[in-house]
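>>> got a predicted structure here, sequence first:
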Amino acid sequence: MDVLFYAICLMAGVGFAIRGALAGHFLARHDSGLDSRGHAEAGFDHAELPGISPFSPTFMACFAAAFGAMGLILSRISATTHPWISVPLAAFSGFVIAAIISWIFETTFRKPRTSSEGHAPDLVGQTASVVTPIPQNGVGEIAYVQAGTRHAAPARSEKGLPIGPGQTVRITRIVGTQFFVDALQ
């Protein structure tokens, strides 16, 4: 009976891990904001970034597989055949193995904590060039350089006045994705 229980745990853990890997690879939309593994990790580490959590799907799949595998091994050793001995040892071993595997996955597949992508608050006060004319009380387009990369964004005149193409402007504020600018004379 114990052997069957451990075998089921092992197969369920391996099956869940394979299903998660396939679903994450084939079904995850790369522009959806989900992480690259196709699921959102539960739990946070001390840096308030997704971290190792016993509630994450990766950890649970690893735990179930490791618990089942260790249970099968321990049930074959004469000193640990009794369930009162093999279950706690298998649970402890499963937790340790799942933590190690989750840590390896986390450090291997972690998204970089730094980015060349700029932050909107850093743009306020920066100069830009009008690409598409900004009509009176309307929306045009500006181009600016941040972190060595040229970007374009929709823009409105802060005072509602028209601004022609090629004029230099200063970014005064950003609301959502829309930039507000003042013309420089």
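That came in fine, so what should we check first? Numbers count the residues shown, from 1 in each chain.

>>> phi, psi for His82 please.
Backbone torsions for His82, taken as degrees, to the nearest 10, come to phi -70, psi 130.

>>> what number of residues lie near it?
Burial of His82 is recorded as 12 neighbouring residues (other Cβ atoms under 10 Å). Where C-beta positions appear, they are placed from N, C-alpha and C, glycine not excepted.

>>> over to Ala152?
Considering only other Cβ under 10 Å, Ala152 is surrounded by 13 other residues.

>>> show the pLDDT at it.
pLDDT for Ala152: 88.

>>> then the one 3 residues further on?
pLDDT recorded at Ala155 is 92.

>>> what's next to stretch 60-77, contact-wise?
With contacts defined as Cβ atoms under 8 Å, 6 or more residues apart in numbering, stretch 60-77 is touched by 2-3, 5-14, 16-17, 20, 54, 80-81, 85-87, 89-91, 93-95, 97-98, 101-102.

>>> distance between that stretch and the chain's centre?
30 Å (Cα atoms, centre = their mean, to the nearest Å).

>>> among the contacts of stretch 60-77, name the ones in helices.
2-3, 5-14, 16-17, 20, 85-87, 89-91, 93-95, 97-98, 101-102 (DSSP state H).

>>> low-confidence stretches in the protein?
For the chain, the stretches flagged by pLDDT under 70 are 1, 21, 23-54, 109-120.

>>> which one in it is furthest away from the centre?
Ser78 (45.4 Å; Cα atoms, centre = their mean).

>>> what about burial for the ones in helices among the contacts of stretch 60-77, which qualify?
By neighbour count, with 16 or more other Cβ atoms under 10 Å, those hold 2, 5-6, 9-10, 12-14, 16-17, 20, 86-87, 90, 93-95, 97-98, 101-102 as buried.

>>> all helices of the protein, in order?
Assigned by DSSP H, the chain shows helices spanning 2-26, 57-76, 83-109.

>>> just to revisit the earlier point, can you give me the distance of the residue farthest from the centre of the chain to Glu158?
Going from Ser78 to Glu158 by Cβ to Cβ, to the nearest Å gives 81 Å.

>>> what of Gln146?
Counting by Cβ to Cβ - Gln146 and Glu158 are separated by 20 Å.

>>> and for Ala65?
Distance from Ala65 to Glu158, by Cβ to Cβ: 59 Å.

>>> okay, the two: which has more neighbours?
Between Ala65 and Glu158, counted using other Cβ under 10 Å, Ala65 has the larger neighbour count: 23 against 17.

>>> in CSV: the helices of the chain, plus distance to Arg170.
Below are the helices of the chain laid out as CSV (distance: least, Cβ to Cβ, whole Å):
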stretch, distance to Arg170
helix 2-26, 44
helix 57-76, 47
helix 83-109, 41
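
>>> the ones you listed: which one's closest to Gln167?
helix 83-109 (45.6 Å; Cβ to Cβ).
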